[in-house]
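J.: Give me the fold of what follows.
(one chain, ligands or ions: 1)
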Amino acid sequence: MPQQPQTRIQQLCEEINQHNKNYYVHDNPTIPDAEYDRLMRELQALEKEYPELQTPDSPTLRVGAEPLKEFGQVQHQIPMLSLDNIFDDAGVEDFDRKIREGLDREQVEYVAEPKLDGLSVSVRYENGIFVEGATRGDGSKGERITENIRTINTVPLKLEGNIIPDVVEVRGEVVIRKDDFEKLNHTRAEAGENLFANPRNAAAGSLRQLDSRITATRPLTFFPFGLGEVSEYISGSHWEILQQIASWGFTPSSAVKQVTGAEELKQYCAQMIEQRNSLDYEIDGVVYKLDDINAREELGMTSRAPRWAIAHKLPAQEELTIVESIEASVGRTGVITPVANLKPVNIGGVMVSRATLHNQSEVDRKDVREGDTVIVRRAGDVIPEVVSVVIDKRQPGAQSWKLPEQCPVCGSPAERVEGEAALKCTGGINCPAQRVGAIIHFVSRNAMDIDGLGDKLVEQLSEQNMISIAADLYDLTAEQLAGMERMGEKSAANTISAIEKSKDSTLPRFIYALGIPQVGQQTAKQLAQHFTSLENLRTATEEHLLEVDDVGPIVAQAIIKFFADELNQQNILRLLASGIKWPAIEKNDTNQGHLFTGKTVVLTGTLSSMGRSECKEKLEALGAKVSG
Ligand code: IVH
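T.: So this is what the prediction gives:
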């Protein structure tokens with residue numbers, strides 16, 4: 001007998017919600033995207049046929065709703081407070097001393113949390129069902145952004161577990177993770193749209209959309225950090241409250257810690273400064289909170305902030321400096337990027353003297369000119385960028401800046417590629433910048449990993465016409481190398497043996513090393529897994545390429561164009577003829593049945609028998625997710 005629609009709808013909801021959780025919360029998808037899409041389409045079709053059967057936690061509700069004319073207002077029953085700031089160890093000691101004195105205790109327990117750089121929101125549940133989302137606003141009144149919050153996959157639409165209060169508001173920060181931000185801006189750059197200055201602006205812009213269907217396309221993440229109104233007693237400890245919030249289906253930041261006394265608070269802060277660049281999300285400080293909820297009342301408030309919590313701000317990642325000149329820089333794929341040469345400035349401990357301006361439309365939008373005073377931002381491993389110009393400080397006579405119409409290195413005409421914002425040099429291999437860039441990329445650590453072939457040596461070899469494409473590397477002799485500047489016989493021999501050693505490679509590395517425009521390490525891995533051989537990839541149609549997760553029409557076209565190019569074909573044939581090889585890959589879409597499938601492995605400490613990246617590669621081949 002066919003299943004009742006109601007039963008099937010319920011099944012689909014549960015199944016899809018579980019897959020959402022695996023993907024967004026555990027970062028561990030267990031079904032291919034195509035299968036997920038099929039389940040979602042089936043549910044949408046059933047709900048269309050039986051609208052009365054749609055449940056309030058249906059995952060189809062996350063795709064956004066009809067646009068609003070304006071946001072309504074929400075009165076916060078429990079105000080959304082702000083925090084006072086401290087900036088150094090003396091501030092930490094002062095905070096701890098005042099609390100100990102205020103409570104007449106010798107030692108105090110705290111919860112230390114990252115101060116996430118996003119927007120704080122309140123999400124309200126009635127009888128366990130998500131009913132309302134609101135911004136902080138002025139702390140007592142915010143904007144009703146329910147439909148936008150509903151699109152955030154890390155906000156459960158229905159609370160899990162047995163302890164479900166009639167009313168509960170979970171408060172936290174909406175952010176965009178660093179890697180999601182990079183992808184978002186990359187897609188926008190390709191579409192010729194304005195880029196967001198930083199993840200916080202992107203998150204703010206996304207939450208302020210009156211059309212929640214737009215919000216649904218933005219990769220927002222919610223991190224809970226406390227409660228607002230709640231109809232039942234949950235616990236007298238903030239730490240335990242966070243555990244309860246997690247058991248409802250939220251994911252607090254894993255960097256939250258329980259600590260005791262000022263010393264441990266200072267240690268926590270030092271650790272977070274160290275980890276700052278490797279965190280998935282941006283932080284602008286850390287927050288210390290008194291763990292004992294009942295004691296919080298004894299301490300009370302200052303005019304705008306509670307005395308039981310404080311924000312310890314970290315050094316800024318943005319500084320002011322001057323643009324000494326702007327130059328057009330040619331990358332390995334021929335993309336011509338405007339780069340600002342800066343008066344060197346220390347940003348969070350690192351000297352910065354160059355910053356990217358991305359492309360011409362960004363130069364125009366920010367109106368950056370030579371001589372301007374600008375705000376420069378450096379966050380994590382990302383290339384520093386010019387955020388904005390301080391117009392008041394502009395010198396009279398400063399001229400607008402335009403990218404040249406010819407490649408500044410080889411003089412070939414520059415052209416705009418259809419569908420992309422970037423300007424490209426048409427010189428290909430005839431352009432020294434592209435030639436050298438492609439080879440530097442080929443030998444780099446994550447590609448063929450050839451030790452001893454530094455950027456300078458590749459430049460020299462290219463200038464002396466000893467190499468012009470990667471395949472030429474495998475014809476080099478120790479005598480030729482020994483003739484180069486600052487190169488002895490010993491290091492020449494070492495370099496030749498490193499070149500020889502690189503012939504034992506892997507297919508993902510080789511694909512990445514080819515330097516196909518748009519194909520980074522992750523995409524190369526997926527292509528290798530999907531096509532299992534270079535031959536299959538080389539002859540793949542657009543339709544086949546689009547089956548790969550990370551591949552959209554632009555990437556697919558870039559791959560097809562790359563393999564159609566005669567010089568690339570010659571290069572690949574010669575590389576293979578020189579003896580480059582890799583172990584065969586078994587076709588295995590979902591990695592089912594592998595030793596480490598579904599497991600996350602953390603690599604810590606010193607590894608004695610192999611390098612870190614080698615170990616990571618081996619584990620990934622066995623189906624593991626590897627994190628630092
Ligand atoms: S607690 C009374 N915890 O910082 C407690 N806030 O400067 C109020 N924020 O409006 C907030 N991470 O937007 C708290 N772990 C965290 C936070 C955090 C970021 C933001 C939040 C708040 C602002 C206060």
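J.: what does this structure put close to the ligand?
T.: With C-beta under 6 Å from any ligand atom as the criterion, the chain meets the ligand at residues 81-83, 113, 115-116, 120, 136, 173, 225-226, 287, 306, 309, 311. Just so you know, the C-beta spots here come from the backbone N, C-alpha and C atoms, and that holds for glycine as well.
J.: Please identify which pair of those residues lies farthest apart.
T.: Farthest-apart pair in the residues of the chain next to the ligand is Leu116 and Pro306; separation 18.1 Å (C-beta to C-beta).
J.: SS state for the closest residue in space to Gly205 that isn't next to it in sequence?
T.: What sits nearest to Gly205 in space, not counting adjacent residues and going by C-beta to C-beta, 6 or more residues apart in numbering, is Phe196, at 6.7 Å. Under DSSP: H, G, I helix; E, B strand; the rest coil, the three-state class of Phe196 is coil.
J.: Tell me if I'm right that Phe196 and His186 touch.
T.: No. Phe196 lies out of contact with His186 (C-beta atoms under 8 Å); the separation is 11.3 Å.
J.: Tell me which of the two has more neighbours.
T.: Taking other C-beta atoms under 10 Å, Phe196 and His186 do not tie; Phe196 has more neighbours (19 against 13).
J.: how far away is that one from Ile383?
T.: 15 Å (C-beta to C-beta, to the nearest Å).
J.: For the residue of the chain found nearest the ligand, pull up the helix or strand it's in.
T.: Closest contact between the chain and the ligand, by C-beta to the nearest ligand atom, is at Ser120 (3.0 Å). Using DSSP states H and E, the element containing Ser120 is strand 119-126.
J.: Quick check: which ranges of this structure have low pLDDT?
T.: Within the chain, the ranges that satisfy pLDDT under 70 run 1-2, 379-382, 418-420, 588-599, 605-608, 621-623, 628.
J.: ok, and the closest non-adjacent residue to the residue positioned nearest the centre of the chain?
T.: The centroid of the chain falls nearest to Asp179 when counting by C-alpha atoms, centre = their mean (0.8 Å). Excluding its sequence neighbours, the residue lying closest to Asp179 (C-beta to C-beta, 6+ apart) is Asp280, at 7.0 Å.
J.: Output the helix or strand encompassing Asp180 as CSV, nothing but the C-alphas.
T.: Element membership for Asp180 (DSSP H and E) is helix 178-190. Written as CSV, here are the backbone C-alpha positions of helix 178-190 (Å, rounded to 0.1, in the frame of the first residue of the first chain):
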residue,chain,number,x,y,z
LYS,A,178,35.9,33.2,6.8
ASP,A,179,35.9,30.5,4.1
ASP,A,180,32.2,31.1,3.3
PHE,A,181,33.0,34.8,3.0
GLU,A,182,35.9,34.1,0.5
LYS,A,183,33.5,32.0,-1.6
LEU,A,184,30.7,34.6,-1.4
ASN,A,185,33.0,37.4,-2.6
HIS,A,186,34.6,35.2,-5.2
THR,A,187,31.1,34.5,-6.7
ARG,A,188,30.2,38.2,-6.5
ALA,A,189,33.5,39.2,-8.2
GLU,A,190,32.8,36.7,-11.0
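J.: packing partners for the next helix or strand after that helix?
T.: Next along the chain after helix 178-190, taking DSSP H and E as the criterion, comes helix 199-207. Here helix 199-207 touches strand 119-126, strand 167-176, helix 178-190, helix 212-215, strand 220-230, going by 3 or more C-beta pairs under 8 Å, 6 or more residues apart in numbering; DSSP states H and E.
J.: ok, back up a step: which among the residues of the chain next to the ligand count as buried?
T.: Buried residues within the residues of the chain next to the ligand, counting neighbours by 16 or more other C-beta atoms under 10 Å: 81, 83, 113, 115-116, 120, 136, 173, 225-226, 287, 306, 309, 311.
J.: Cross the residues you listed against strands and list the overlap.
T.: Glu113, Lys115, Leu116, Ser120, Glu173, Phe225, Gly226, Val287, Ala309, Ala311 (DSSP state E).
J.: all strands for the stretch 251-400 of the chain, in order.
T.: Here the stretch 251-400 of the chain has its strands, by DSSP state E, counting those that start in this stretch, at 257-260, 283-290, 309-313, 318-330, 335-347, 350-356, 373-377, 385-389.
J.: picking that back up, nearest to Met40 among the buried ones among the residues of the chain next to the ligand?
T.: Nearest to Met40 among these, with distances taken as C-beta to C-beta, is Glu173, at 28.0 Å.
J.: And that closest one, how close does it get to Ile149?
T.: 12 Å.
J.: quick one: the nearest residue to Pro404 once chain neighbours are set aside and Met80, what's the gap?
T.: Spatial nearest neighbour of Pro404, chain neighbours left out: Ala328 (5.7 Å); criterion: C-beta to C-beta, 6+ apart. From Ala328 across to Met80, the span is 47 Å (C-beta to C-beta).
J.: hang on, the earlier thing: for Leu575, state which of the buried ones among the residues of the chain next to the ligand is nearest.
T.: Leu116 (46.0 Å).
J.: pretty sure that closest one contacts Ile283?
T.: Yes. Leu116 lies in contact with Ile283 (C-beta under 8 Å); the separation is 6.0 Å.
J.: Let me know how buried Arg304 is, in neighbour terms.
T.: Neighbours of Arg304 under the rule other C-beta under 10 Å: 11.
J.: so what's the nearest residue to it once chain neighbours are set aside up against?
T.: Nearest residue to Arg304, sequence neighbours excluded (C-beta to C-beta, 6+ apart): Ser82, at 5.5 Å. The contact partners of Ser82, taken as C-beta atoms under 8 Å, 6 or more residues apart in numbering, are Gly139, Arg304, Ala305.
J.: what does Leu119 give?
T.: With C-beta under 8 Å, 6+ apart, Leu119 has these contacts: Thr135, Arg136, Glu173, Val174, Arg200, Ala203, Ala204, Leu207.
J.: pretty sure the second one contacts Ile145?
T.: Think Arg136. No. Assessed by C-beta under 8 Å, Arg136 is found out of contact with Ile145, at 10.9 Å.
J.: Quick check: neighbours shared by the two?
T.: Val121.
J.: separation between Leu534 and Asp451?
T.: In terms of C-beta to C-beta, Leu534 sits 24 Å off from Asp451.
J.: With neighbour numbers in mind, choose between the two.
T.: Leu534 (20 against 14).
J.: Much appreciated, bye for now.
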